[in-house]
Structures are given as C-alpha cells and as structure tokens.
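>>> any chance you could fold what I've pasted below:
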Amino acid sequence: MGPVYLVDASIYVFRAWFSVPDEFSTEDGHPTNAVYGFTGFLCSLLEQAESGHVGVAFDESLTTSFRNEIYPQYKANRDPAPEDLKRQFKWARQVAEALGLQCFADPSYEADDLIGTLSEYWRARGHSVNVVSSDKDLVQLVRKGDYWWDFARNRKLGHGAVSEKFGVRPEQMADFLALTGDSVDNIPGVPGVGPKTASALLQHFEDLDAIRERLAEVQHLSIRGAKSLHKKLEEHWPAAELARRLTVINTEVPSALERPDVVRGSIDEAKLNRLFDDLSFGRMLRHRCLQTA
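Numbers count the residues shown, from 1 in each chain. Presented below is the predicted three-dimensional model:
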C-alpha cells in the first residue's frame, strides 16, 4: 500500500508569512503572501509525494486546547495572530480543499493530535506514514517504515535517523521534552536538564517512569553533575510529570476518527479559479496547481 502524507499546515503558513514578501495582496489591499507561499508549498509536496493519500491538519485550538485546561500558561508566550494572518489561514484551507485535499481541525485538539490520530488509523490499515512538519514534537509519531519530513529543509528522517539526530528514539521524544521543557510551547521542564543530559537519562532508563522508580541510581551515573542532577529531578519531578501530559500527542481524537478519510479527491477547478481571482493569483500558479491532479 502507498504511503499516507499528513501535513502540519500551520508550520508552512507561518513560514510563508515571514518569508514571502508582503507585496502580494488582494485588490482591496489584504495581504496574501502567506496563502501564496502555502499554495506553492502544497504544489511542491503533491509533485514530489505522488500519493493519493494526503491529509492536511490545521490548528484551530491555539487557546482552547485541552492542554490549556491542564496548564493555562501553555503557549501563553505567543502573541495572538494578527487579523491579516487569520484571514490567510482560512484562505489556505480553502485552497487545500479546492485541490481535493482532506482538511482537519478541532477546537479542543491541535494539529499534532489530529496527525497522531490519523497516523495510528492508517498505519493499522497497512500504510506507512510521512509526517510533513519541521516540528520536532511530531517525531514521536514515527515508527519503522515511517518518515518525519522537514519539507522546507529537504530533510527526511526515518526511525533510525531520528535517533541519530535527536539522541533518543521517536517513542522517547515526549519524555525527552518533558525533561528539557519546550520554550516554544512555554512548557516547563526540569531546570538544568538540557538535551544531552535528557538523552543520557533516557538511554539508561528508557522512559520517565523508570527514572522515577529508580531515581536513587541517578547519582551514580557517569553524567556530569550526577549528584546535583538527582536532587534537581527529585525537587522538580512534578514539573516533569506535568510537562509529559503536555508533550504526549493524543492519538484518539474523536473528530478525526469519525472522518479519517485522507484519499485525495478531484480538483474543483471552478472553485480554485474563483478563489485565485479573489486572491489576485496569476496564471502560473493556477497552471501548476491544476497539473498536480
């Protein structure tokens, strides 16, 4: 069976927002640089993937995620998206849908969780999974035969390569982030535990639960500052456990399981042309999009 491609859309909308010149706009002056760059990315992906199974997940829960209920400060370090960007997120989804791609969003779950749920669903049906994102959180979904594809940097990592790159197996990434914390998402970890220390701990103990059960062993490990590390872990263990509740990707999102289809439909050419007219996109991009059918 062919691979399933699951796209972390927000990463690529934001990337285009910051990298594509803001000279792109509608006739009434609304910027379109983010949706223009995102559309180009989708075309490139479809040209290279050559797969009939593509799902696109959008973040709709930046302040309403179940993680905000667990920890109100989750992602509180991020500024709200300006209206010009919010508008472009809506257009980006409309472009993806017009291209026949299945789109997913949920008010209580993030794109990571939607991708995680779809990964489990399609893998159980014999498909390998390609997670298209530059977010290292998502490498925890990679199993043997799968890939984490940082598309913009042309970096594609399988299960073994993830271990070489990050120092932990994909299955350990949530625990790794629980120990180090994640400043991007405003997740606290254990103070003084950086990537090398977290990697060494997980190589020895395998997971967070084993570290807790055998905490006394830490002071005897051949890790720099092992004695003080033992004290830090003991003192800040509640922070690590809280962090793990935030870093683990949910793979049982009800809305995704109710409609898990990622089989690409046909391009709605009329809808795409109307949308591109509204966005003032030229012939070259239209032609390229239509060629992905």
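>>> show me what counts as buried in stretch 203-210.
205, 207-208 (16 or more other C-beta atoms under 10 Å). C-beta coordinates here come from the backbone N, C-alpha and C atoms, glycine included.
>>> now swap in stretch 213-229 and tell me
Across stretch 213-229, burial judged by 16+ other C-beta under 10 Å covers 218-219, 221, 223, 229.
>>> run through who's touching the helix or strand of the chain with the lowest mean pLDDT.
Every helix and strand in the chain was compared by mean pLDDT, DSSP states H and E; the lowest is helix 226-235, with a mean of 90. Helix 226-235 has contacts (C-beta atoms under 8 Å, 6 or more residues apart in numbering) with 190-193, 197, 211, 215-216, 218-220, 223, 240.
>>> which elements pack onto the helix or strand immediately after that helix in the chain?
Counting by DSSP states H and E, the next helix or strand C-terminal to helix 226-235 is helix 237-247. Packing partners of helix 237-247 (3 or more C-beta pairs under 8 Å, 6 or more residues apart in numbering; DSSP states H and E): helix 66-70, helix 173-180, helix 208-213.
>>> same thing but at 6 Å, please
helix 173-180 (3 or more C-beta pairs under 6 Å, 6 or more residues apart in numbering; DSSP states H and E).
>>> what does the helix or strand following the helix it packs on contact?
As assigned by DSSP H and E, the chain's next helix or strand after helix 173-180 is helix 195-205. Under the criterion C-beta atoms under 6 Å, 6 or more residues apart in numbering, residues 167-168, 172, 176, 179-180, 211, 223 lie in contact with helix 195-205.
>>> recalculate using a threshold of 10 Å.
Residues outside helix 195-205 that contact it (C-beta atoms under 10 Å, 6 or more residues apart in numbering): 163, 166-169, 171-173, 175-181, 189-190, 193, 207-208, 210-215, 217-218, 221-226, 229, 232-233.
>>> how far off centre is stretch 238-250?
Between the mean C-alpha location of stretch 238-250 and the chain-wide mean there is a distance of 17 Å, by C-alpha atoms, centre = their mean, to the nearest Å.
>>> now that stretch: mean pLDDT?
Stretch 238-250 carries an average pLDDT of 96.
>>> show me the buried residues of stretch 213-229 that map onto helices.
Leu229 (DSSP state H).
>>> nearest to Asp28, of the buried residues of stretch 213-229?
Leu229 (58.4 Å; C-beta to C-beta).
>>> sorry, back to before: what's the closest of the buried residues of stretch 203-210 to His53?
Asp207 (31.6 Å).
>>> and the gap between the closest one and Leu242?
16 Å (C-beta to C-beta, to the nearest Å).
>>> for Met173, same thing?
The gap separating Met173 from Leu242 is 17 Å, by C-beta to C-beta.
>>> and for Arg214?
21 Å.
>>> also Leu157?
In terms of C-beta to C-beta, Leu157 sits 28 Å off from Leu242.
>>> farthest pair in the contacts of helix 226-235?
Pairwise distances across these peak at 21.4 Å for Pro191 and His220 (criterion: C-beta to C-beta).
>>> pretty sure Gln291 contacts Ser44?
No - at 11.8 Å, Gln291 does not count as touching Ser44 under the criterion of C-beta atoms under 10 Å.
>>> neighbour count: these two, which is higher?
Ser44 (14 against 11; other C-beta atoms under 10 Å).
>>> who's in contact with the more buried one?
151-152, 288, 292.
>>> distance of it from Thr32?
Relative to Thr32, Ser44 is positioned 18 Å away (C-beta to C-beta).
>>> quick one: low-confidence ranges for the chain?
Residue ranges of the chain with pLDDT under 70: 61-62.
>>> helices of that one, start to end?
All helices of the chain, identified by DSSP H, fall at 9-19, 33-49, 66-70, 83-98, 111-123, 159-166, 173-180, 195-205, 208-213, 226-235, 237-247, 254-258, 269-279, 283-290.
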